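*Asks:* Give me the fold of what follows.
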Amino acid sequence: MKNLYLILLSLFLGINAFSQITIQQTDLMQPGDTFLIHVDINPSLIIDLTPGEDLTWDFTGLTNDQTNFATYSPNDDLEFIDEFPLSQFHTYGPGFIYAGPGGGAPLDNWGYMMFFTNPDGLFVEGFYSDYGMGYKSTMNTPAELLMFTPANYLDEELNDSYWEVVVNENLMDYDTLYRRDVDKELVADAWGTLTTDYGTYPVLRIHETGLSVDSIFAYMGMTTFLSWEVSRDTINNYYFWAKDLRNPLMTLHCDYNNNIERIDYLMGAIYSGNEISSNKMTNYVYPNPAKDFVNVFGIIGDYRIIDISGRLIEEGKADHDFLKIDISKYQGGLYFIYDNFGNIFKVVKN
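*Replies:* Purely as a prediction, here's the structure:
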């Protein structure tokens, strides 16, 4: 009887160790989270992407061709926050540097990508342009779904959204409207265990497929004189979500034929409350250039901030190897941060 009990217990533990996970709202980004993302451009791996249950994937030893950060900052001090009533946090910078779910900004402008979560998932409400288009808001209609929750194996969601930007509004001339339509489907098509250089985790894989169409319209008043399609791009991405990481452990960007073109993989995280989940987030400053604040990774002990003329601007002490510094009152220019272990960090204030 004792042996039978041990056998049944072993089977029970084995089944639970490899059972599929459910991704909830609490497993998504939260205000104050920052993630270090490495990027393998043109990876040489050949991975079987067939859907299924209890699968294993090994993505160890990827190349780091590019380092990105995804910093999801609270919206507390944004002057334009009333224009985004749903948004809870944002990323800031040029559209092409965004890492993780979210995509690029309208026309690759600098600015604020505005996010929110609710029990239905993670959404992007819109974008506030800081440079490029001037200071204006672009709304997604409806909000674009980036990840649905709760998510279980074989669950799926559809999402159609668009945004529009008027690029040369003039009462005395033709106006030009730039529009992007995004129609996509998110399917939890596989679950299993994923191993990367960050660790081994049970994951739920979300396959995102669809179409993104960019169009331009020339109009005056209510009359459209000309319209044409500028580009048509296939959406084909795989997101591997794990419990509690609050960012995909791995994202595969694939072409129409399911060939992997780029891999984004998590290598470090600092969660709200300055809980550091990896010692790999060292010796970085992000965002940089910056307008309001910078996150400094790898700073140790006492520090001094010096401007380009050598004048002491600020000093203090870092309790961890991470520090968030408010630079909103600094003059635009170049600054250097020195700590008492000889580390030097360069910061550009816009």
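
*Asks:* Outside of the helix or strand hosting Glu314 itself, list whatever touches it.
*Replies:* In this assignment (DSSP states H and E), Glu314 forms part of strand 312-318. Identification of contacts with strand 312-318 by CB atoms under 8 Å, 6 or more residues apart in numbering yields 296, 299-307, 325, 330, 335, 339. Quick note: C-beta positions are derived from backbone N, CA and C, even for glycine.

*Asks:* What number of neighbouring residues does the closest residue in space to His90 that isn't next to it in sequence come out with?
*Replies:* Leaving out its chain neighbours, the residue that sits closest to His90 by CB to CB, 6 or more residues apart in numbering is Tyr112, at 4.6 Å. Tyr112: 23 surrounding residues under other CB atoms under 10 Å.

*Asks:* Tell me which residues of the strand or helix carrying Tyr112 come out buried.
*Replies:* For Tyr112, the host element (DSSP H and E) is strand 110-118. For strand 110-118, burial by neighbour count (16 or more other CB atoms under 10 Å) applies to 110-117.

*Asks:* between these, which is closest to Pro43?
*Replies:* Within the buried residues of strand 110-118, the smallest distance to Pro43 is 25.9 Å, found for Met113 (CB to CB).

*Asks:* Can you tell me who the closest one pairs with across the strands?
*Replies:* Note on Met113: beta-bridge partners by DSSP bridges are Thr91, Phe127.

*Asks:* what's the pLDDT at it?
*Replies:* Met113 is assigned 87 on the pLDDT scale.

*Asks:* Identify the residue spatially nearest to Phe123, adjacent ones excluded.
*Replies:* Closest residue to Phe123 apart from its sequence neighbours, by CB to CB, 6+ apart: Ala143 at 4.1 Å.

*Asks:* What of Val296?
*Replies:* Leu323 (4.7 Å).

*Asks:* what about that neighbour, distance to Ala269?
*Replies:* From Leu323 across to Ala269, the span is 16 Å (CB to CB, to the nearest Å).

*Asks:* Ok, His38 next?
*Replies:* Counting by CB to CB, the gap between His38 and Ala269 amounts to 13 Å.

*Asks:* any idea which element the residue nearest to Phe123 lies in?
*Replies:* Going by DSSP H and E, Ala143 is part of strand 136-148.

*Asks:* Please convert the buried residues of strand 110-118 to TSV, extending it with distance to Arg179.
*Replies:* What follows is these, written out as TSV (distance: CB to CB, whole Å):
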residue	distance to Arg179
Trp110	21
Gly111	18
Tyr112	21
Met113	18
Met114	19
Phe115	22
Phe116	23
Thr117	27
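
*Asks:* Just the buried ones out of the contacts of strand 312-318, please.
*Replies:* Neighbour-count burial (16+ other CB under 10 Å) applied to these gives 296, 299-300, 303, 305-307, 325, 330, 335, 339.

*Asks:* Which of the contacts of strand 312-318 fall in strands?
*Replies:* Among the contacts of strand 312-318, the members found in strands (DSSP state E) are 296, 301-307, 325, 335, 339.

*Asks:* out of the residues you listed, which one sits closest to Leu194?
*Replies:* Leu194 lies nearest to Val296 out of the ones in strands among the contacts of strand 312-318, by CB to CB, at 30.4 Å.

*Asks:* Would you agree that closest one is in contact with Asn343?
*Replies:* No: at 9.2 Å, Val296 does not count as touching Asn343 under the criterion of CB atoms under 8 Å.

*Asks:* Pick out whichever of the ones in strands among the contacts of strand 312-318 sits closest to Asn257.
*Replies:* For those, the nearest to Asn257 is Val296 (42.4 Å; CB to CB).

*Asks:* Any stretches of the chain with poor pLDDT?
*Replies:* Within the chain, the ranges that satisfy pLDDT under 70 run 1-18, 93-109, 131-134, 168-174, 221, 273-283, 320-321.

*Asks:* got the domain boundaries for it?
*Replies:* 23-276, 288-349 (automatic domain parsing).

*Asks:* Point out the most buried one among those.
*Replies:* For the domains of the chain, the largest average neighbour count (mean count of other CB atoms under 10 Å) is found in domain 23-276, namely a mean of 17.

*Asks:* Run the chain-centre distance for that one.
*Replies:* Offset of domain 23-276 from its chain centre (CA atoms, centre = their mean, to the nearest Å): 6 Å.

*Asks:* Not counting its neighbours along the chain, what's nearest Thr251?
*Replies:* Computed as CB to CB, 6+ apart, the closest residue to Thr251 that is not its neighbour in sequence is Asp264, at 4.2 Å.

*Asks:* which ones are touching the one you found?
*Replies:* Asp264 is in contact with 37-39, 68, 99-100, 248, 250-251, 253, counting by CB under 8 Å, 6+ apart.

*Asks:* export those to JSON lines and tack on secondary structure and distance to Trp241?
*Replies:* Shown next, in JSON lines, are the contacts of Asp264 (DSSP: H, G, I helix; E, B strand; the rest coil; distance: CB to CB, whole Å):
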{"residue": "Ile37", "secondary structure": "strand", "distance to Trp241": "15"}
{"residue": "His38", "secondary structure": "strand", "distance to Trp241": "18"}
{"residue": "Val39", "secondary structure": "strand", "distance to Trp241": "18"}
{"residue": "Asn68", "secondary structure": "strand", "distance to Trp241": "18"}
{"residue": "Ala99", "secondary structure": "coil", "distance to Trp241": "15"}
{"residue": "Gly100", "secondary structure": "coil", "distance to Trp241": "11"}
{"residue": "Pro248", "secondary structure": "coil", "distance to Trp241": "6"}
{"residue": "Met250", "secondary structure": "strand", "distance to Trp241": "9"}
{"residue": "Thr251", "secondary structure": "strand", "distance to Trp241": "10"}
{"residue": "His253", "secondary structure": "strand", "distance to Trp241": "16"}
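
*Asks:* I appreciate the help and will end here.
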